[in-house]
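Trainee: Quick one: sequence and predicted model below, then my questions.
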Amino acid sequence: MRRPEPPFLAACRRNPVPFTPVWIMRQAGRYLPEYRKVREKVDFLTLTKTPELAAEVTIQPVRRFGLDAAILFSDIMTPVEGMGVDLEFDPGPVIGNPIRRPEDVDRLRVADPRETVPFVLEAIEILRRELPESAPLIGFAGAPWTLFCYLVEGGGSKTFIKAKSFLFAEPDSARVLLNRLAEMMAAYLRAQAEAGVQALMVFDSWAGLLSPYEFRSFALPAVRRTFEGLRGLDLPLIYFPNQGSTLLEDAKLAGADVLGIDWRLPLSRARAVVGSEVAVQGNLDPAALFAPRDALGTQIRSVLREAGPEPGHIFNLGHGIERTTDPDAVAFLVDRVHEWTEGNGG
Ligand code: 1CP
């Protein structure tokens, strides 16, 4: 007899599920004492480059909470180092040689991930041996536009003025850079799939900085190119355009099977825009985890009600978990989602 599909993969494909699957963006990290213990010994970059340790911190939240998916412990910037980028973390990415002129774009090469990030592929192989079947492994990459933001700006920012003004001042060079990142990320995601991940997610954390016009003319063609480069792989593709409420009609055209929805837009409204051919993932406000249990419960029920009875909902936060979150609130969340949706079938 064929084993039933794990609920996370079934929901990505909009198949019926025994309960709503749940995982959490940034589920491995500083809010977990067991993660902090590993980080006392190694810095972040070393952690991402040591397969046994990266695998260990990936498994930690799955072990503690019984989550329905694992996400590889790495960073969206990991694969750009091999393209010729000087990268450090403090605690976010810091770029030693930001891209400021069209000539700088030529420096970046599309590399073979097997040569530049073998440690990522090795971590995936370890994880596939060690993870329970109930927790499929998600591989991921940054969307071309979000990587562009860090590479041009030189690090994190609230407004990414340098990155955005590069779009307006040098649209042709911007497109060359976006296309190069799109190709590199397609190769990177494909290599992760070949190493054994069971779903792929593309994080477009800074999509919401763009108007629908700029999104359509710069970010969307690039992310489509990444997804087109994954054709023929039989695994679900997830796209998360953060702060993308005004971009969803376009985001749907990216070519993913699942759209991640941030906490600003109720899921019923997201579903009304994106239709029933894609699944949705989200979207509890990460701040709800700081509320007393009864108020948190109300917020969880509200997300479930908004998602509705149709298949194709993966429960998640509407953005990454905050680092001061109480792990017991996460345990409560996971248990209530399972308990309250058991037997719903949808
Ligand atoms: O331990 C530490 O001090 C480092 C903090 C940290 C961690 C735990 C960084 C630096 N990255 C990560 C891991 C990480 N990053 C994961 C792990 C897997 C998991 O979810 O458990 C993932 C998926 C990411 C992806 C990532 N990195 C994104 C996209 C997701 C999102 O939250 O929008 C982004 C924007 C980054 C950049 C980044 N890396 C690290 C930080 C602090 C940041 C944000 C920097 C900023 O813009 O201010």
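Mentor: Thanks, I have the structure now. Numbering: from 1, shown residues only.

Trainee: Tell me if stretch 70-89 is near the ligand.
Mentor: Yes. Using Cβ under 6 Å from any ligand atom, we find that stretch 70-89 touches the ligand at I71, F73, D75, I76, F89. Every residue, glycine included, has its C-beta placed from N, CA and C.

Trainee: Rebuild these as CSV, extending it with neighbour count.
Mentor: Converted to CSV, the residues of stretch 70-89 next to the ligand look like this (neighbours: other Cβ atoms under 10 Å):
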residue, neighbour count
I71, 23
F73, 25
D75, 17
I76, 19
F89, 15
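
Trainee: Can you add secondary structure and pLDDT and give those residues back as TSV?
Mentor: Output for the residues of stretch 70-89 next to the ligand, formatted as TSV (DSSP: H, G, I helix; E, B strand; the rest coil; pLDDT from 0 to 100):
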residue	secondary structure	pLDDT
I71	strand	98
F73	coil	98
D75	coil	97
I76	coil	98
F89	strand	95
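
Trainee: dump the residue contacts of A69.
Mentor: Applying Cβ atoms under 8 Å, 6 or more residues apart in numbering, we find A69 in contact with F8, P21, W23, A135, P136, L137, I138, A199, I314.

Trainee: ok, now P4?
Mentor: Neighbours of P4 in contact, by Cβ under 8 Å, 6+ apart: A10.

Trainee: That one is in what secondary structure piece?
Mentor: Taking DSSP states H and E as the definition, P4 sits outside all helices and strands.

Trainee: ok, now L177?
Mentor: Per DSSP H and E: helix 171-195 holds L177.

Trainee: hang on, the earlier thing: show only the entries of the contacts of A69 found in helices.
Mentor: F8 (DSSP state H).

Trainee: Just send the contacts of A69 back as a markdown table, with pLDDT too.
Mentor: Formatted as a markdown table, these follow (pLDDT from 0 to 100):
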| residue | pLDDT |
| --- | --- |
| F8 | 98 |
| P21 | 98 |
| W23 | 98 |
| A135 | 98 |
| P136 | 98 |
| L137 | 98 |
| I138 | 98 |
| A199 | 98 |
| I314 | 98 |
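
Trainee: give me every residue that touches the residue nearest to V330 when sequence neighbours are not counted.
Mentor: Residue nearest to V330 in three dimensions, not counting chain neighbours: F65, with 5.8 Å by Cβ to Cβ, 6 or more residues apart in numbering. By Cβ under 8 Å, 6+ apart, the contact set of F65 is Q27, V330, A331, V334.

Trainee: Try it again at 10 Å.
Mentor: Residues near F65 by Cβ atoms under 10 Å, 6 or more residues apart in numbering: V22, W23, I24, Q27, L32, P327, V330, A331, F332, L333, V334, D335.

Trainee: Can you pull the phi and psi angles for the residue most central in space within the chain?
Mentor: In the chain, the residue lying closest to the centroid (Cα atoms, centre = their mean) is F203, at 4.2 Å. Dihedral pair for F203: phi -90, psi 120, per degrees, to the nearest 10.

Trainee: about what we covered before: buried ones among the contacts of F65?
Mentor: Neighbour-count burial (16 or more other Cβ atoms under 10 Å) is assigned, among those, to V22, W23, I24, Q27, L32, P327, V330, F332, L333, V334.

Trainee: Verify the stated contact: the first one with E339.
Mentor: I take that to be V22. No. V22 is beyond contact range of E339, at 11.2 Å (criterion: Cβ atoms under 10 Å).

Trainee: residues from the stretch 51-200 of the chain in reach of the ligand?
Mentor: Residues of the stretch 51-200 of the chain lying near the ligand (Cβ under 6 Å from any ligand atom): I71, F73, D75, I76, F89, P91, G92, P93, F140, G156.

Trainee: Surely the first one is in contact with Q60?
Mentor: What it means is I71. No. Using Cβ under 10 Å as the test, I71 is too far from Q60 to be in contact (11.7 Å).

Trainee: got any residues that touch both of those two?
Mentor: In contact with both I71 and Q60: Q27, A28, using Cβ under 10 Å, 6+ apart.

Trainee: got a list of what whatever residue of the stretch 201-346 of the chain ends up closest to the ligand touches?
Mentor: Here the residue of the stretch 201-346 of the chain nearest the ligand is S205; by Cβ to the nearest ligand atom that distance is 3.2 Å. Contacts for S205 were tallied using Cβ under 10 Å, 6+ apart; they are 25, 76, 142-143, 145-147, 149-150, 156, 240-243, 262, 319-320.

Trainee: Try it again at 6 Å.
Mentor: T146, N242 (Cβ atoms under 6 Å, 6 or more residues apart in numbering).

Trainee: Let's see the pLDDT reported for it.
Mentor: Turning to S205, the model gives it a pLDDT of 98.

Trainee: go on, R2?
Mentor: 67.

Trainee: Equivalent analysis for the one 10 residues further on, please.
Mentor: The predicted local distance difference test score for C12 is 98.
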